[in-house]
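Peer 1: this one's structure only:
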């Protein structure tokens, strides 16, 4: 369906970017001669044949740290996005199909969560809970699921009044069947686009938390933590903090270019199974 020759240049750029960063994060560490925590030079040592983009604030190879940081960021953002979509889509579709008091309870609860600034909410929660990767992912997923809920409910409301859904109800199909077999396949297009946006948001949000000291804790580091650890070097004209920042921007751009092309291809899918 998605042949390389039929893809636009933006889609190709996005696909190349995504593949590059995945290989960079998961193959790169096996090629690098250094470990993530190995001190191999002086503080902020400039680029050389020994360290291609120089050293970080502790003298560790910055390129190797960037590989591991990208891996952490992809894994955390991916896990948070998958969880938020699983929760948000299922609750949103259920609310649209069941309606009544269940819809009102879920919708008002989501409105309450969305009325609280996400960063402030996360700072409060993470300040009282243990600082673990699981807690970090769960907090991000819950906050993100409110946006997914609103979108999926709005899309499902439009689909739920279609003839093929009414036919499924008349056949005696239950809520689970209608949600999984009738609504979900026909809501794929906007959800795919939203997944890319949510992944980018999760990546930026998790990086922001790490930059504030509430995300990944040393000795591990994601891209946000790397910016925090090397930000003092900017004053002295050292670009160590710019590399992880550029990685975040390019990865988010690549994901959204690819998702946008998928959305254009799937936007013509209409109608239902019936």
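Peer 2: Looks like it arrived, so ask away. Because the structure is predicted, anything quoted here is derived from the model rather than measured. Numbers count the residues shown, from 1 in each chain.

Peer 1: what about the helices in the stretch 101-250 of the chain?
Peer 2: 118-128, 133-160, 163-170, 175-177, 184-186, 188-211, 223-230, 242-266 (DSSP state H, counting those that start in this stretch).

Peer 1: packing partners for the fourth one?
Peer 2: Pointing back at helix 175-177 there. helix 62-98 (3 or more CB pairs under 8 Å, 6 or more residues apart in numbering; DSSP states H and E). Every residue, glycine included, has its C-beta placed from N, CA and C.

Peer 1: same thing with the fifth one?
Peer 2: Counting contacts by 3+ CB pairs under 8 Å, 6+ apart, helix 184-186 packs against no other helix or strand.

Peer 1: Model confidence for the closest residue to residue 222 other than its chain neighbours, exactly?
Peer 2: Nearest residue to residue 222, sequence neighbours excluded (CB to CB, 6 or more residues apart in numbering): residue 72, at 4.0 Å. Looking at residue 72, its pLDDT is 91.

Peer 1: Same question for the one 3 residues further on.
Peer 2: Looking at residue 75, its pLDDT reads 93.

Peer 1: mind showing which ranges of this protein have poor pLDDT?
Peer 2: 1-6, 265-274 (pLDDT under 70).

Peer 1: Just give me the residue right at the centre of it.
Peer 2: residue 199 (2.0 Å; CA atoms, centre = their mean).

Peer 1: who touches it in this structure?
Peer 2: Residue 199 is in contact with 77, 78, 81, 255, counting by CB atoms under 8 Å, 6 or more residues apart in numbering.

Peer 1: For the first one, which residues are in contact?
Peer 2: With contact taken as CB under 8 Å, 6+ apart, residue 77 is in contact with 199, 202, 203, 206.

Peer 1: Ok, residue 90 next?
Peer 2: Residue 90 touches residue 179, counting by CB under 8 Å, 6+ apart.

Peer 1: what does residue 211 give?
Peer 2: The neighbours of residue 211, taking CB under 8 Å, 6+ apart as the test, are 224, 225, 227, 228.

Peer 1: Relative to residue 185, how far out is the residue lying closest to the last one once chain neighbours are set aside?
Peer 2: Leaving aside its chain neighbours, residue 228 sits nearest to residue 211 (4.7 Å; criterion: CB to CB, 6+ apart). Here the criterion is CB to CB, to the nearest Å. By it, residue 211 lies 39 Å from residue 185.

Peer 1: How about residue 97?
Peer 2: The separation that residue 97 has from residue 185, given CB to CB, amounts to 15 Å.
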